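Student: Can you look at this prediction? I've put the sequence above it.
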Amino acid sequence: MHLVASERIKLFSIATPWTCGLFALVAMAMPAAITALSASESHLPPTVASTQFGYQLALIAVLLLGALAVTSEYHTGTIHGTFQSVPSRTPVLVAKAALVAGYAFLLGEAAAFTAWLVARVLAPDADLALDSAADWRIVAGTGPVFAAAAVCGVGVGLLLRYTAGAVALLVVYPLMAENVVLLIPRAGQAIHRWLPLNAVTKFLSGHGEANAGRDGGNATVLSDSPLSPGWALAYFGAFAAVLLAAGITKARRRDV
């Protein structure tokens with residue numbers, strides 16, 4: 001536990017968790033407010049899924065949170081003092097990942113429920129009650145997804161070490177990379193079905209039950225992953241674990 005406490009002091013002594021946290025909250029709440037207020041003009045009634053329309057931007061903030069928690073230490077050199085005090089490296093890096101994941105989980109729950117509440121206040125006549133498993137999954141499921149995404153960010157930070165490279169990768173990949181794969185002739189669709197962010201979208205959105213059966217509109221486009229929602233989350237979690245393990249392995253070999 002002393003490792004987690006030490007990592008907590010280091011993490012929350014920098015601006016990264018507060019900045020990324022605030023951005024994630026705004027990124028979730030603002031689109032929810034806009035979709036609720038513009039429902040009559042767009043002729044798309046608000047749904048539980050539409051309250052989570054800002055999920056992708058908030059996810060980027062969480063990925064950056066994980067990466068910056070690592071690269072900021074490499075930048076300042078504090079990581080070397082940490083490695084001297086814990087020569088095996090693995091326990092301290094696991095503690096760091098666990099701490100960031102825990103914070104991301106709480107952030108995801110707070111952002112998702114805040115966005116849902118904002119939409120309920122601005123569109124009181126809309127059917128936004130959480131009265132099905134799909135409704136609860138797309139809102140409450142944001143926390144586990146953000147936790148796994150934060151672990152992915154830590155893994156990328158350990159692999160790249162440099163802030164600029166990590167930020168570039170973790171911004172471009174969610175916004176472009178998985179969609180660009182679809183342009184690959186013949187194999188693009190088959191590859192895309194198994195990409196991590198596409199898979200975890202299946203966990204949150206399912207078959208569109210929380211969006212009145214619509215695909216897209218004022219909510220996230222549905223995933224074409226062949227996995228069930230539960231297995232999709234497990235798949236994303238396994239991907240995060242592999243990425244973290246790769247980062248720890250590289251750190252152990254490089255920083256000796």
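Tutor: Cool, got the structure. Only a predicted model underlies this, so the values are computations on that prediction, with no experimental measurement involved.
Student: From R161, how far out is the nearest residue to A112 once chain neighbours are set aside?
Tutor: Computed as CB to CB, 6 or more residues apart in numbering, the closest residue to A112 that is not its neighbour in sequence is T142, at 3.8 Å. Quick note: C-beta positions are derived from backbone N, CA and C, even for glycine. In this view, T142 and R161 are 29 Å apart by CB to CB, to the nearest Å.
Student: next one: M176
Tutor: Counting by CB to CB, the separation of M176 from R161 is 23 Å.
Student: quick one, which of those two is more surrounded?
Tutor: Applying other CB atoms under 10 Å to M176 and R161 shows that R161 carries more neighbours, namely 21 against 10.
Student: tell me the contacts of the more buried one?
Tutor: V70, T71, Y74 (CB atoms under 8 Å, 6 or more residues apart in numbering).
Student: Apply 6 Å and report the result again.
Tutor: Applying CB atoms under 6 Å, 6 or more residues apart in numbering, one finds that R161 lies in contact with Y74.
Student: Can you pull the phi/psi pair for it?
Tutor: Backbone geometry at R161, expressed as degrees, to the nearest 10, gives phi 70, psi -30.
Student: So for it, what's the pLDDT?
Tutor: On the pLDDT scale, R161 is placed at 91.
Student: Ok, H43 next?
Tutor: 69.
Student: in the stretch 101-250 of the chain, which spans are helices?
Tutor: Using DSSP state H, counting those that start in this stretch, the helices assigned to the stretch 101-250 of the chain run over residues 133-140, 142-160, 163-172, 178-181, 188-192, 196-205, 229-254.
Student: Of those helices, flag the one that's most buried.
Tutor: Across these, averaging neighbours per residue (mean count of other CB atoms under 10 Å) puts helix 142-160 on top, at a mean of 27.
Student: quick one: that helix to helix 229-254, angle?
Tutor: 20 degrees (axes from the mean of the first three to the mean of the last three CA atoms, to 10 degrees).
Student: now for helix 142-160, which elements pack on it?
Tutor: For helix 142-160, the packing partners by 3 or more CB pairs under 6 Å, 6 or more residues apart in numbering; DSSP states H and E come out as helix 55-76, helix 90-122, helix 163-172, helix 229-254.
Student: repeat that with 7 Å
Tutor: Using 3 or more CB pairs under 7 Å, 6 or more residues apart in numbering; DSSP states H and E, the elements in contact with helix 142-160 are helix 55-76, helix 90-122, helix 163-172, helix 196-205, helix 229-254.
Student: circling back: export the helices of the stretch 101-250 of the chain as CSV, with columns for distance to L25.
Tutor: Listed next are the helices of the stretch 101-250 of the chain as CSV, based on distance: least, CB to CB, whole Å:
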stretch, distance to L25
helix 133-140, 14
helix 142-160, 12
helix 163-172, 19
helix 178-181, 25
helix 188-192, 30
helix 196-205, 18
helix 229-254, 22
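Student: out of the ones you listed, nearest to A104?
Tutor: Between A104 and the helices of the stretch 101-250 of the chain, the shortest gap by CB to CB is with helix 142-160, which sits at 3.6 Å.
Student: could the helices and strands packed on helix 142-160 go into TSV alongside distance to A148?
Tutor: Putting those into TSV (distance: least, CB to CB, whole Å) gives the following:
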stretch	distance to A148
helix 55-76	9
helix 90-122	7
helix 163-172	14
helix 196-205	7
helix 229-254	4
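Student: Among those helices, which comes closest to S6?
Tutor: Comparing the helices and strands packed on helix 142-160 by CB to CB, helix 90-122 comes nearest, at 7.8 Å.
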